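Trainee: just coords:
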DNA sequence: CCAGACGTTGTT
DNA sequence: GTCTGG
DNA sequence: CCAGACGTTGTT
DNA sequence: GTCTGG
């Protein structure tokens, strides 16, 4: 599962990682505690097939939703079934994206309370979480673009804390996932699998991160 | 035909 | 929007 | 995901 | 307990 993550890297680093030539006109402050309903940084294809960086509201709001509130429960989609679920299948076929991250959190219940863990790539690099996006039109003609993060079974590195994890895609698969050439659903589905042992490392962090309002380096500090 | 659901997680 | 249940 | 709220009336 | 907000 993935209900909180980090993107501490700069926009320039993200653009470089995703091979995007021009930077957007907005900025991206380092984020240590990205939570549902907030804007995350995603990469998708423009109408003419170029990669662009966009900010999407985390929590997918289906186009038929009556209010945007529905989105706060659709923050994840199971990779095994998203292609057939009414809320996700259209987006699976036509609106796949990559969400930029450099860490994610999971919680483990203990006698003392909820202990958060930070998961990162073993080399501390950026990574891409497979996502699906939608455009929703409100009553006043306001458009909101939202996103859900796909999940897969836990990898050997992560299963001790939680049995699910975000679907992380290797760089070689970005073009296929984004649809830079026509790709069957089944081929996209096959890309969604847990990373091999040794890809990720984890460490417990301070419960400071538990509060969604908290932000900054204290979120990734060791427990006190 | 119309009405109502449409999702994940974790816990039991 | 699209499918399922009644 | 976790934390925090969970309500109405009338008046300003 | 359950829903909302971040």
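Mentor: All right, it came through fine. Given the structure is predicted, the values throughout are model-derived calculations rather than measurements. Residues are numbered from 1 along each chain as shown, chains lettered A, B, ... in the order given.

Trainee: Local confidence estimate at residue A:22?
Mentor: Per-residue confidence (pLDDT) for residue A:22: 87.

Trainee: next one: residue A:138
Mentor: Looking at residue A:138, its pLDDT stands at 82.

Trainee: residues touching it, list them.
Mentor: Contacts for residue A:138 (Cβ atoms under 8 Å, 6 or more residues apart in numbering) come out as A:68, A:144. (Each C-beta comes from the backbone N, C-alpha and C, glycine too.)

Trainee: need the residues of chain A near DNA strand E, please.
Mentor: A:3-4, A:35-38, A:59, A:69, A:72-73, A:75, A:212-213 (Cβ under 7 Å from any atom of the strand).

Trainee: just the strands in chain A please.
Mentor: A:5-7, A:31-34, A:39-45, A:51-58, A:76-78, A:96-101, A:103-110, A:113-121, A:127-137, A:143-153, A:164-166, A:168-169, A:200-204 (DSSP state E).

Trainee: right, and the ones you listed - which one's nearest DNA strand D?
Mentor: strand A:103-110 (3.2 Å; Cβ to the nearest atom of the strand).

Trainee: buried sites along that closest one?
Mentor: The neighbour-count check on strand A:103-110 (16 or more other Cβ atoms under 10 Å) flags A:103-107 as buried.

Trainee: Which one of those residues is nearest to residue A:44?
Mentor: Lowest distance from residue A:44 to the buried residues of strand A:103-110 (Cβ to Cβ) belongs to residue A:104, with 20.2 Å.

Trainee: Now that closest one: closest residue in space, sequence neighbours ignored.
Mentor: residue A:5 (3.9 Å; Cβ to Cβ, 6 or more residues apart in numbering).
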